[in-house]
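> My questions concern the predicted model and sequence given below.
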Amino acid sequence: MFHRYFFVFGGFFVGNVVDRKTYGPQLYRQFIVDRLARLYPLHIATLAFYFILAVAIVLDLVHPKNPDRYDLLSFAPHLTLTHSWGFGEFATYNYPSWAVSAIFGCCLALPALRILRRLPSLNLALLVILAAALAICSHIATELDSSITAIQEESLGILRCVPSFLFGVLLSRNRDVQIPRGVAIATFLLAAFMLFCRGAAVHGIERLLLVYILVFSVVVIDSSGIKTPLHMSALRRIAKYSFGIYLIHSIVATILFQVLSPKLVGMQNIAFGDANSLGAMLLVIGGLIITLALAVGSSRTVELYGAHAVRAALGPKKATVAARS
């Protein structure tokens, strides 16, 4: 679920750069370096964990139930953050990182967005391109016997990202649009009901449009001064660790449910409602706590010092674009 909003807010952040008055090759380079500084250190750290597992499998030291996930041939696309561009398999290594690969690929398109800025109506151009992207990506998904909201499973996560990314850019340019509060609230409630109460029945373009409506209504409500969950201090504190939580949760799940679960309760798969329901609950709660703790630790170590290392290696001494969004 996280990636649905990750792509939109990724485009929202890039939209701020698109509207900068000053722009040139140096700013573009710094922007890409800062994106790498934000995304790459934790990605490479989690990838290292799975690479060690892959080597252990080759050496016949461990025997997971899904050895194809650790295929060494899929390592290079993950290392280069291109595994969502059609160059790798979806369910390999730290598979949630497909969203990181997709968003980074979209960030590379900043020069094209800057060119569009020269048009008389950038908003109209973005609307047309967004509609075309939805149609084209949906058509490709259909040809692959999939849907636009599941096309990442065909190793084409970047096509899942493009429309939402474009919507985020469009939203950033229209964040101050004024609509009646009552309309915004009603729109939010309706979209939330359709997504979270009828989620299983909504897919494809319809699901994407509901996500866009939901995010748009939240931004409008928030900008109008109405207190929303976005103002909650606890949520704000956790939000800065959301990237770490997203990438690390897969590692924690691998350890808890593939290593510890069989030893603790004697089963490979446990679920609520069966004889091991208490064990499932304790593992889930423990997993959430461990994931949050690791995300906090990562933000202060791997992500912090990794970002410094990336900037030192690839960028000028003084950063001009903030890496965190």
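That came in fine, so what should we check first? Numbering: from 1, shown residues only.
> from here on, contacts and neighbour counts on C-alpha atoms
Fine.
> Secondary structure element holding the closest residue in space to residue 12 that isn't next to it in sequence?
Distance criterion C-alpha to C-alpha, 6 or more residues apart in numbering; nearest residue to residue 12, sequence neighbours excluded, is residue 168 at 4.2 Å. Element membership for residue 168, per DSSP states H and E: helix 157-173.
> Just name whatever secondary elements the next helix or strand after that helix is in contact with.
Remark: after helix 157-173, the chain's next helix or strand is helix 181-196, criterion DSSP H and E. Secondary-structure packing of helix 181-196 (3 or more C-alpha pairs under 8 Å, 6 or more residues apart in numbering; DSSP states H and E): helix 204-223.
> which secondary element of the chain has the worst mean pLDDT?
Using mean pLDDT, DSSP states H and E, helix 261-265 stands out as the lowest-scoring helix or strand of the chain, at a mean of 58.
> The residue nearest to residue 12 against residue 15, yeah?
Yes. In this structure residue 168 lies within contact range of residue 15 using C-alpha atoms under 8 Å: 7.2 Å.
> Give me the neighbour count for the residue nearest to residue 12.
Residue 168 has 26 neighbouring residues, counting by other C-alpha atoms under 10 Å.
> roughly how far apart are residue 116 and residue 194?
Distance from residue 116 to residue 194, counting by C-alpha to C-alpha, to the nearest Å: 34 Å.
> More neighbours: the two, which one.
residue 194 (19 against 16).
> show me the contacts for the more buried one.
202, 210 (C-alpha atoms under 8 Å, 6 or more residues apart in numbering).
> gap between it and residue 148?
18 Å.
> before we move on, what about residue 24?
For residue 24, the distance to residue 148 - C-alpha to C-alpha - is 34 Å.
> Residue 187 and residue 217 touch, don't they?
Yes. Contact criterion C-alpha under 8 Å: residue 187 and residue 217 qualify, at 6.6 Å.
> if you count what's nearby, which of those two comes out ahead?
Remark: of residue 187 and residue 217, residue 217 carries more neighbours, 22 against 18, as counted by other C-alpha under 10 Å.
> more neighbours, residue 24 and residue 148?
Neighbours per residue (other C-alpha under 10 Å) separate residue 24 from residue 148, with residue 148 holding more: 27 against 9.
> Just give me the neighbour total for residue 182.
10.
> actually residue 69, not the one I typed
Using other C-alpha under 10 Å, residue 69 is surrounded by 18 other residues.
> Could I get the contacting residues of it?
Applying C-alpha under 8 Å, 6+ apart, we find residue 69 in contact with 91-93.
> I'd like those laid out as a markdown table, including pLDDT and secondary structure.
Putting the contacts of residue 69 into a markdown table (pLDDT from 0 to 100; DSSP: H, G, I helix; E, B strand; the rest coil) gives the following:
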| residue | pLDDT | secondary structure |
| --- | --- | --- |
| 91 | 82 | coil |
| 92 | 87 | coil |
| 93 | 89 | coil |
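> got any ranges where this protein has weak pLDDT?
For the chain, the stretches flagged by pLDDT under 70 are 1-2, 20-23, 198-201, 227-232, 234-235, 259-280, 317-325.
> So which elements touch the helix holding residue 168?
Other elements packing on helix 157-173 under the criterion 3+ C-alpha pairs under 8 Å, 6+ apart are helix 2-18, helix 98-107, helix 122-143, helix 204-223.
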